[in-house]
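>>> Sequence and predicted model, in that order:
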Amino acid sequence: MASLIDNLKSWFAPPAPPPVRNQGYYLTGEIFGESLPQAGLPALNERSALAISAVYAAVNLIAGTIATMPVQVYARQADGERDRRPNDDLWWILNEEMTPRWNAAAGWEHLGQSLLLRGDAFLRIRRDPMGRVLGLEPLAYDRVRPLVQPPGDRLIYEISPDPLLPSRAAGKLEVIDQDDMIHVPGFGFNGLQGLSPLRHALRLAAPVASAMQEYSARFFSNGARPDYVLTTDQGLSPAAIDQLREQIQEAHGGLAKSRKPMLLTNGLKTAPLSLPADEMQLIESRKFAVEEIARIYGVPPFMIGHNEKTTSWGSGVEAMGVGFVRYTLRQHLNKIETELNRKLIRGPRKVLAFDTTDLERADFKTLLDGFRIALGRAGEPAFMTVEEVRERLSLKRQPETPFPAQAPAPAAPDPTEPSPAPAPDPQTDGAA
């Protein structure tokens, strides 16, 4: 948010030149929210992309995982140490309710979906007159247009009216400063916008997957029967051809009638027009489409239902899950954290960070073995307290739980001293 002095300067300063619109950055069709059709394939937009099962699964996985991670608020000390502040006002906004209309989980999921499909995500910062943050309002990608403010070192944002509100309450076009907008760009940010996956990485891969998905539906809705032609040596008039086509469609069209025997007269014969599904390797092609989309989003294929070769990365599924956090989620989380800190904190006194502990946590037995070493129970120096372990396990606090006491190791016997005499055997009363 601009300071009071900056606002006073802007009141008396001469009018600035109009903002620069980067017209050359947009592709034809962008204003309609879709990419150009390629090689006869259908145009791709957000709705049609999410109709592809692999795209939906990948976007839902990443966006949904971001929504499950808590955003912690830390106080940063001069020596670099960080203390968690669960009672900070920002904690409630980032983890429970962004605005009365948006709970935090839905807001983060909306941000992830916009980032993964459109290449940019926007959260409007709502402030009180003193500049304190009141909430974050998720904005649809189509409602926001970033503009370069001369001389070119800052951005402003045009926000169109909310189409979900009644026309009288929707308001007018607004222009806000970059300090009041959380703008998370995707890969390929050029200072104005990120590259849209719909118009770049998914431009061909998604329509091909969509075409195969639609073909599979049509193929099996027809009883998995390939197309065919009817041939005859006799001449047929156009009226007879139309009548014959209607009769065949009425008697054999659709899945329910696909297995009825066809009776042909007047020398008619059938000939297949296309190859069966197994010869076209349709299933293998669809598997490759899933792997291609998973590769675009950096998602291990098993996480979106492709359960082949699950041990090809690391030692197994657990290693792949940790790798997903490190090499896929961290890329998005770092961008979000950076933008939150520079717009909401703007100083070294506090820091916001996603907590990925639960996602990177090992199985319970391995976790307890690690804590055993941390507590010094394995014969090594302790570097965690019982209280810190209980906090990691989300258990209640127990006061006065310092480092556990360790029994001193028995001293080694001195070889120069004679061995003590063995103790006599105990004897009962009256024994000889």
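Thanks, I have the structure now.
>>> Grab the longest helix from the chain for me.
Looking across the chain with DSSP state H, the single longest helix is helix 202-221.
>>> for the record, mean pLDDT for it?
Mean pLDDT, computed over helix 202-221, is 76.
>>> following the helix-or-strand element of the chain with minimal mean pLDDT, which helix or strand comes up?
None of the helices or strands of the chain scores lower by mean pLDDT, DSSP states H and E than helix 4-12, at a mean of 49. Per DSSP states H and E, helix 4-12 leads on to helix 46-50 as the next helix or strand towards the C-terminus.
>>> Which neighbouring elements make contact with that following helix?
helix 53-68, helix 104-118, helix 202-221 (3 or more Cβ pairs under 8 Å, 6 or more residues apart in numbering; DSSP states H and E). Glycine gets a C-beta too; all of them are placed from N, C-alpha and C.
>>> and of the ones you listed, who's closest to residue 43?
helix 202-221 (7.9 Å; Cβ to Cβ).
>>> any chance you could map the strands in the stretch 251-400 of the chain?
Assigned by DSSP state E, counting those that start in this stretch, the strands in the stretch 251-400 of the chain fall at 269-272, 350-354.
>>> just checking, what packs against the last one?
Contacts of strand 350-354 with other secondary structure elements, assessed using 3+ Cβ pairs under 8 Å, 6+ apart, are made with strand 71-76, helix 330-340.
>>> tell me the angle that strand makes with helix 330-340.
Interaxial angle of strand 350-354 relative to helix 330-340 (axes from the mean of the first three to the mean of the last three Cα atoms, to 10 degrees): 150 degrees.
>>> what's next to strand 350-354, contact-wise?
66, 69-76, 82, 85, 88, 90, 94, 333, 336-337, 340-341, 344-345 (Cβ atoms under 8 Å, 6 or more residues apart in numbering).
>>> quick revisit: please produce CSV containing the helices and strands packed on helix 46-50, extended by distance to residue 350 and mean neighbour count.
Putting the helices and strands packed on helix 46-50 into CSV (distance: least, Cβ to Cβ, whole Å; neighbours: other Cβ atoms under 10 Å) gives the following:
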stretch, distance to residue 350, mean neighbour count
helix 53-68, 21, 20
helix 104-118, 18, 22
helix 202-221, 38, 17
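>>> Need the ones you listed in a markdown table (columns: distance to residue 349).
Compiled in a markdown table, the helices and strands packed on helix 46-50 are given as follows (distance: least, Cβ to Cβ, whole Å):
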| stretch | distance to residue 349 |
| --- | --- |
| helix 53-68 | 26 |
| helix 104-118 | 23 |
| helix 202-221 | 41 |
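>>> What mean pLDDT does the helix or strand residue 183 falls within get?
Residue 183 belongs to strand 181-185 when assigned by DSSP H and E. Mean pLDDT, strand 181-185: 97.
>>> gap between residue 356 and residue 68?
10 Å (Cβ to Cβ, to the nearest Å).
>>> which regions of the stretch 251-400 of the chain sit below the pLDDT cut-off?
For the stretch 251-400 of the chain, residues meeting the criterion pLDDT under 70 lie at 251-268, 270-283, 308-318, 362-364, 378, 394, 397, 399-400.
>>> where exactly do the helices run in it?
Under the criterion DSSP state H, counting those that start in this stretch, the stretch 251-400 of the chain contains helices at 277-280, 282-297, 317-324, 330-340, 357-360, 364-374, 386-392.
>>> Redo these as TSV? Include mean neighbour count and distance to residue 48.
Shown next, in TSV, are the helices of the stretch 251-400 of the chain (neighbours: other Cβ atoms under 10 Å; distance: least, Cβ to Cβ, whole Å):
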stretch	mean neighbour count	distance to residue 48
helix 277-280	12	23
helix 282-297	17	14
helix 317-324	16	26
helix 330-340	17	23
helix 357-360	12	31
helix 364-374	13	43
helix 386-392	16	44
